[in-house]
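Engineer: I'd like to go over a predicted model; first the sequence, then the structure.
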Amino acid sequence: MASRKQPPRKTNSSSSSSSFSSKKRSGGGIKKSKPRRRAPGTVVLLEIQNLQASSKLLFPKLPFQRLVRKISRDILDKEGLRFQKDVFNVLQEATESHIVSLFQDTKLVANHANRITIQPKDMHLAQRLRND
């Protein structure tokens, strides 16, 4: 069976025009303002200040634990090594403090070369100066 077209509805012309004219247009009120954009670099500086002020760890705990277990398994060739809970915390604290101090030294080397951006050669020189 073929589909049939719906016949048009019969409406009273006076009531339909009055219903459209009585509706108010939206958008005539107060416009929402966009959030203010900060100057370039300001957000990064705020993030750095927040990270320096906090005492929480920088790396997530579980991925760090998996990495430590994998490295110890590869070096010692033993399956089923067991670690105490505090070992991971101590290792993570020591690792993060070493990495942070290495980046501080790298930044000093870059500043000495009158640059803002650190480069791999700055990292190599900082490691060489530290005898790492």
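Structural biologist: In hand now; what should we look at?

Engineer: okay, CA-based contacts and neighbour counts for the rest of this
Structural biologist: Will do.

Engineer: Just want the most central residue of the protein.
Structural biologist: For the chain, the residue sitting closest to the mean C-alpha position, by CA atoms, centre = their mean, is residue 47 at 10.4 Å.

Engineer: distance of that one from residue 33?
Structural biologist: Noted for residue 47: a distance of 25 Å to residue 33, by CA to CA, to the nearest Å.

Engineer: before we move on, back to that, on the three-state scheme, the residue nearest to the centre of the chain is what?
Structural biologist: Classification of residue 47 using DSSP: H, G, I helix; E, B strand; the rest coil returns helix.

Engineer: biggest helix in the protein, by residue count?
Structural biologist: Counting residues, the longest helix found in the chain (DSSP state H) is helix 85-112.

Engineer: Please work out which residues outside the helix or strand following that one touch it.
Structural biologist: Downstream of helix 85-112, the first helix or strand assigned by DSSP states H and E is helix 120-130. Defining contact as CA atoms under 8 Å, 6 or more residues apart in numbering, one finds that helix 120-130 is touched by 102, 103, 105, 106, 107, 109, 110.

Engineer: Swap in 6 Å and give it another go.
Structural biologist: For helix 120-130, the external contacting residues (CA atoms under 6 Å, 6 or more residues apart in numbering) are 105, 106, 109.
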